[in-house]
Every structure is written in C-alpha cells, then in structure tokens.
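**Student:** what shape does this take:
(one chain, ligands or ions: 1)
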Amino acid sequence: MSDPIPFNRPAISGRELAYIEEAIALGQLSAGGAFTLRCESLLQERGGISRVLITASGTAALEMAALLCDLGPGDEVIMPSFTFVSTASAFVRCGATPVFVDIRDDTLNLDERLVARAITPRTRAIVAVHYGGVACEMECLAQLAAESRIRLIEDAAHGIDATYRGRELGSLGDLGIYSFHETKNVVCGEGGALCVNDESLVERAEILRDKGTDRQRFLRGEVDRYTWVDLGSSFGAGELACAFLCAQLESAARLTEARRARAGEYRALLAPLEAEGCLRLPATPADARDNAHAFFVRTRSGVERDALRAWLGAVGISSVSHYVPLHSSRMGEKVGRTHGELPVTDAAAERLLRLPMFPGMTPEQVARTAGEIRRFYSRSGRPGTDG
Ligand SMILES: *Cc1c(COP(=O)(O)O)cnc(C)c1O
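**Tutor:** Next up, the predicted model:
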C-alpha cells in the first residue's frame, strides 16, 4: 500500500522558530507583547478592519462577541445548525437562545430567505458562518440586520484570506472572528482573533479580553492604575503562540495559493463524476472568492458516504464527515429552537465527506485520492462490498 494520506497536516511556513526565539529574547511571554501587536496590525491592514484583537481561540473570540452583544435570557440569536459547537455555545453562555435556521443547498451557508422569516421581536443578532471559507450572502444579511436593528456577527473561523465582493471575510459584520486552530488555514495550535468593525465596541472589547480590567488604558497612560471595571476573562493569547502565528500570517497568501491549487486539481479530476450525477462538488458564488479551506464531496446517500469513507480508509486515505447538526445534539435540543425543518442541514450532515486538504499536500496525493473515488464509483451497485 502507498503511504497514508492524512486529512490535515499543519504547515510550517518557515519563520516560526525564528520568531519564537525572538519572542523569548524579548522577554515577554504573556499576552499583549510585540508579536500580539504585529499579528493584529497584519490582520487590520489586510482586512481593512479598525481593530483586531488576538485571542486564545476562535471560541474565545466568539465569547467576546457574544458579551459585546449584551444578551440575556429570552434574547434570540439566529445561526445555522450546520456549524461548530462554539458558534452556539458562546451565546448560550450569555443566556440567549440559538435559533437554528436551515442552510442553502449550494454553499451550505445560512439561507438568507429563511433568516428573514425567523426574525422576531426578540432577535438580537445573526451569526453568519462562512462555511469552508465561502462567503454568506452578506449584502442581504446586512440589510436584514440593519432593518431589524440587530447585530451581524461573522463566524469567519474558516474564512481568513477569502473575500466577498472584494472585501475580506471578518470585515463585513459588526464583529467577526477568525480561528487559528491547527485545522484551519493559518494556524498557531490554538488561537483566534476578534475583528471589531463597529468602533464603538473597541474599548469594551479590550476590557473584556483583559479580565474585565482597564489595563489597556493604564498601558496607554490614561489612568494611573488599573482596576476591575466590567465582565471579562483571560481571552488573550500568549506571545509564543503569537510568534508562531505571525510567521503564518506573513505567509498566508502562499498557504492559501497551495490549497487553491489542490482544490483546482480535485475539481478537474472529479468533475466527470459530478457530471454523471454520482456526487456534488463545492460551489462558490461568483461574487465570492474562497480560500479552499475545505474540499468536500456530497454523495447521493448517507450509506454511500460511509461506504466511500471506508473505501478510502482501506487504502490509507483519511476523509472525514463534518458537523453533527447542533439542533439534533443533546445540548442543542435542550437550549435551542429550530426554525421549521432543516432538510438541507440534515442531508449535508449525512452525505458530506471532506477529503484531505492541506498546504503541503502534493498533486500526486490529490490524484491518488480522486483516482480512488473514481474506482469506488466505477464499481457502483456494490460499492465497498469487495476489493
Ligand atoms: C474552528 C471553529 C470555531 C472555533 O474555533 P477554535 O479556535 O477551535 O476555538 C468556531 N466556529 C467554526 C465554524 C469553526 O470551524
């Protein structure tokens, strides 16, 4: 058997170790040092975002976003069910109710037509998750949010280096978040960022990140000591992680290009199967540019998906399904509400299979994976029963 192909392998872009040594030499390892600031400037400049705050994780950034929305019991937050737990848990921690709305069949992003109908007098925010780095219909969502005077938050955990009508994901809502978890496009182990596009929220965001203290004002010399002034937590990331992240952010364009090249190869090799109606490939609307965060296929049934996954696994190729929809999870059932049925969500959960995708992946590995998928379908009728 040929060498196994992992689902993901974090890329090292080159300067990570040098920057970690530099951070150690500088002598500040806690949050808020030179590398935190460098990462924040890089993200602010590339995204045209007024203030970016580096956080310990994407989850921490979502928790800060939820706190900045000032939510309480009875308040509703519209979001997809086809997303990671943190999208919802951050708001549930504030006592709010997630309202799960179905997704579009093409992009697997919030279906904006359904969002309009899910808004009630208790709705306080919409969370737009850019699935796989493909932009949501932001113009429509922004208009709905403005009409209802509610917050629009982007969960751009997958979305660094992807755009909507030429603008960076994360820069379009009142608030946006990135994740730098090792499974994302730009990584530092665990890390994230909060994009504060509404400038009136910047000062409070700084206080929340610093355990509820006005330490940032103290550091700027605006007060002569810092004290406890608000809610908060230790939401910042240490300098060693930021040093690693800085190297990755400097190489982000290259990391994304490598992914895009692999996605293009997958697409070319699998297009015939899509034309035959065996499976579906990811779709990106004309006004969006994705970052090839994920490359996935959708099979005709859940049974077929599981058989394909087993087929690939048997030849050493790792592929993975994605979210268990939050509305059908134990906690989601308890604390959430569903807006109607979620047939697209349920089908995606059942039929979607993510293929290996990482910057260091070779064209040969893509070809081998696609070749195995073609072999699987060439035996259709009895997929996975022999060989
Ligand atoms: C990864 C992810 C998060 C959480 O990010 P962490 O950095 O792992 O905390 C949130 N939302 C989505 C959609 C994600 O994929």
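**Student:** who's in contact with the worst-scoring helix or strand of the chain on mean pLDDT?
**Tutor:** Across the helices and strands of the chain, mean confidence by mean pLDDT, DSSP states H and E is lowest for helix 215-219: a mean of 92. Applying Cβ atoms under 8 Å, 6 or more residues apart in numbering, the contact partners of helix 215-219 are 32, 206-207, 210, 223-226. All C-beta spots, glycine's among them, are computed from the backbone N, C-alpha and C.
**Student:** name the next helix or strand downstream of that helix, please.
**Tutor:** Note on helix 215-219: by DSSP states H and E, the next helix or strand toward the C-terminus is helix 239-250.
**Student:** from the contact counts, what lies against that next one?
**Tutor:** When contacts are defined as 3 or more Cβ pairs under 8 Å, 6 or more residues apart in numbering; DSSP states H and E, helix 239-250 packs onto helix 16-26, helix 34-47.
**Student:** quick check: residue 215 vs residue 226, distance?
**Tutor:** In this view, residue 215 and residue 226 are 4 Å apart by Cβ to Cβ, to the nearest Å.
**Student:** so between these two, which is more surrounded?
**Tutor:** Set residue 215 next to residue 226 and count neighbours by other Cβ atoms under 10 Å: residue 215 wins out with 20 against 17.
**Student:** the ligand contacts on the chain?
**Tutor:** Along the chain, the residues adjacent to the ligand under the rule Cβ under 6 Å from any ligand atom are 57-59, 83-84, 86-87, 129, 155, 157-158, 179, 181, 192.
**Student:** now, which of those residues sits nearest residue 122?
**Tutor:** residue 87 (18.8 Å; Cβ to Cβ).
**Student:** assign the closest one to helix, strand or coil.
**Tutor:** Under the three-state scheme (DSSP: H, G, I helix; E, B strand; the rest coil), residue 87 adopts helix.
**Student:** dump the residue contacts of it.
**Tutor:** The contact partners of residue 87, taken as Cβ under 8 Å, 6+ apart, are 62, 79-80, 127, 129, 155, 326.
**Student:** the residue of the stretch 51-200 of the chain found nearest the ligand: what's it in contact with?
**Tutor:** Among all residues of the stretch 51-200 of the chain, residue 58 sits closest to the ligand, at 2.6 Å; criterion: Cβ to the nearest ligand atom. If you count contacts by Cβ under 8 Å, 6+ apart, residue 58 has them with 86, 155, 157, 177-181, 184, 192.
**Student:** how much space separates residue 21 from residue 273?
**Tutor:** Distance from residue 21 to residue 273, by Cβ to Cβ: 48 Å.
**Student:** where in the stretch 251-387 of the chain is pLDDT low?
**Tutor:** Using pLDDT under 70 as the threshold, the predicted model of the stretch 251-387 of the chain has low-confidence ranges 380-387.
**Student:** can you show me the helices along it?
**Tutor:** Along the stretch 251-387 of the chain, the stretches classed as helices by DSSP state H, counting those that start in this stretch are 252-275, 302-314, 330-335, 343-351, 363-378.
**Student:** redo those as a markdown table? Include mean neighbour count.
**Tutor:** Supplementary listing: those in a markdown table, determined by neighbours: other Cβ atoms under 10 Å:
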| stretch | mean neighbour count |
| --- | --- |
| helix 252-275 | 17 |
| helix 302-314 | 17 |
| helix 330-335 | 13 |
| helix 343-351 | 19 |
| helix 363-378 | 18 |
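**Student:** what's the closest of those helices to residue 293?
**Tutor:** Distances from residue 293 to each of those were compared using Cβ to Cβ; the minimum, 7.3 Å, belongs to helix 252-275.
**Student:** and the angle for the closest one with helix 34-47?
**Tutor:** Using axes from the mean of the first three to the mean of the last three Cα atoms, to 10 degrees, one finds that helix 252-275 and helix 34-47 are set 50 degrees apart in direction.
**Student:** which other helices and strands contact helix 252-275?
**Tutor:** Helices and strands touching helix 252-275, by 3+ Cβ pairs under 8 Å, 6+ apart, are helix 363-378.
**Student:** what's next to the helix it packs on, contact-wise?
**Tutor:** Looking at what lies outside helix 363-378 - Cβ under 8 Å, 6+ apart - the contacts are 2, 5, 261-262, 265-266, 269-270, 272-273, 276, 278-279, 297, 307-308, 311-312, 315, 317, 319, 355-356, 383-384.
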